[in-house]
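S.K.: Got a sequence here, can you model it:
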Amino acid sequence: MSESVIPPALGRDDLGPDTTPVAYETGGPDGAVAYVTLNRPEYRNAQNSVMTYSLDAAFGKAVDDASVKVIVLRANGKHFSAGHDIGTPERDFDTFYDNVATLHWDHTDKQGADQRLAREIEVYMGMCRRWRDIPKPVIAQVHGACIAGGLMLAWICDFIVASDDAFFSDPVARMGIPGVEYFAHAFVLGPRRAKEILMTGDRFTAAQAADWGMVNHVVPRDDLAGKVDELAAKMVAMPMQGLFLSKKAVNICEDNMGLRNSMDSVFGWHHYAHAANSEASGGDSLGGMDAKSMKASATAASATTASGN
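M.R.: Have a look, this model is predicted:
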């Protein structure tokens, strides 16, 4: 259990331009753009539950504000997000929060697989599905690292605009786990690219992501905010009903092609992997890996790729 004091999640009235771990402000044409900012840069915006529930409050605030037509998800610091928090002093997997995404029992008084499943149904799968259904367009403004759980945040957005220094990966096969919980890989990358990035753990660039259809636009870092604002302004000029129904139509098509059912199936295998790891290692569901070892493995793999060996 964490020995750090875990701050409470932010409510809608707590949010402001400089709040942590999530900041919130409005701007753009007619003040119609809500900027939701991951603001935990000292930990590369790793997502603990405090950040997750604060994000939900920010998205809810933007949805309920009739003057907001577009939402931008962005990040402070060097990176968009290093993924789920698996090693900071504020890792709060054992902390109670009221569920908002699912009707399920509390995980904190459970053990083993029951604890992991109860938490991840709510905090990972449930939240991402909830946010994908936000009735307003959401633009991900991505720079630096977008790793594992960071991909989940980007993938729930309707558009991804990335800086040319952004890079992406889902390396959790190194833990013996078949990808992150919100398993959209085969849909956003195509089956063969999905297998390649999962089975190698390789990073891929913003240019590659755009070429594969995952990213809408790639621009120089200094032009990133401007490009996002340009895209947002075009949508602000559209009627809200047209934006909502267009988003709904495309999401329905994805679901009819199997996105939701596929995620349900893979989520079961994801938790099989956690349970198998735990059984084999005396309780470690991450297969002996932590944030430092995952980073070291990724760095070594990148060096090998760069050297051509």
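S.K.: all helices for this protein, in order.
M.R.: Across the chain, reading from the start of the chain, the helices by DSSP state H fall at 49-64, 112-120, 127-132, 149-155, 185-188, 191-200, 206-211, 224-236, 240-256, 259-281, 291-307.
S.K.: Worst mean pLDDT among those helices?
M.R.: Per-segment mean pLDDT for the helices of the chain reaches its minimum on helix 291-307, at a mean of 62.
S.K.: hmm, back to that, most neighbours per residue, which of the helices of the chain?
M.R.: Among those, judged by mean count of other Cβ atoms under 10 Å, the one packed with the most neighbours on average is helix 149-155 (a mean of 25). (Glycine included, C-beta is placed from N, CA and C.)
S.K.: And it, how far out from the chain middle?
M.R.: The offset between the C-alpha centroid of helix 149-155 and the centroid of the whole chain comes to 3 Å, using Cα atoms, centre = their mean, to the nearest Å.
S.K.: helices and strands around that helix, which ones?
M.R.: Helices and strands touching helix 149-155, as assessed by 3 or more Cβ pairs under 8 Å, 6 or more residues apart in numbering; DSSP states H and E, comprise helix 127-132, strand 138-142, strand 167-169.
S.K.: can you list contacts of the first one?
M.R.: Applying Cβ atoms under 8 Å, 6 or more residues apart in numbering, the set of residues contacting helix 127-132 from outside is 52, 55-56, 59, 100-101, 138, 152-153, 155-156, 181-182, 251, 260.
S.K.: Gly126: which of the residues you listed is nearest?
M.R.: Distance from Gly126 was checked for each of the contacts of helix 127-132 by Cβ to Cβ. The minimum falls on Ala101, at 3.2 Å.
S.K.: quick one: that closest one from Asp165, how far?
M.R.: Going from Ala101 to Asp165 by Cβ to Cβ, to the nearest Å gives 32 Å.
S.K.: Mind checking which of these two has more residues around it?
M.R.: Regarding Ala101 and Asp165, a neighbour count based on other Cβ atoms under 10 Å identifies Ala101 as having more, with 19 against 15.
S.K.: what's the more buried one in contact with, if anything?
M.R.: Residues counted as contacts of Ala101 (Cβ under 8 Å, 6+ apart) are 56, 122-123, 126-127, 129-130.
S.K.: Just read off the phi/psi values of it.
M.R.: Comment: the main-chain dihedrals of Ala101 come out as phi -90, psi -30, following degrees, to the nearest 10.
S.K.: Which among the helices of the chain is found nearest to Arg174?
M.R.: helix 291-307 (5.5 Å).
S.K.: can I get the contacts of Ala101 in TSV with distance to Asn39?
M.R.: As requested, those are arranged in TSV below (distance: Cβ to Cβ, whole Å):
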residue	distance to Asn39
Asp56	15
Glu122	22
Val123	19
Gly126	23
Met127	18
Arg129	24
Arg130	21
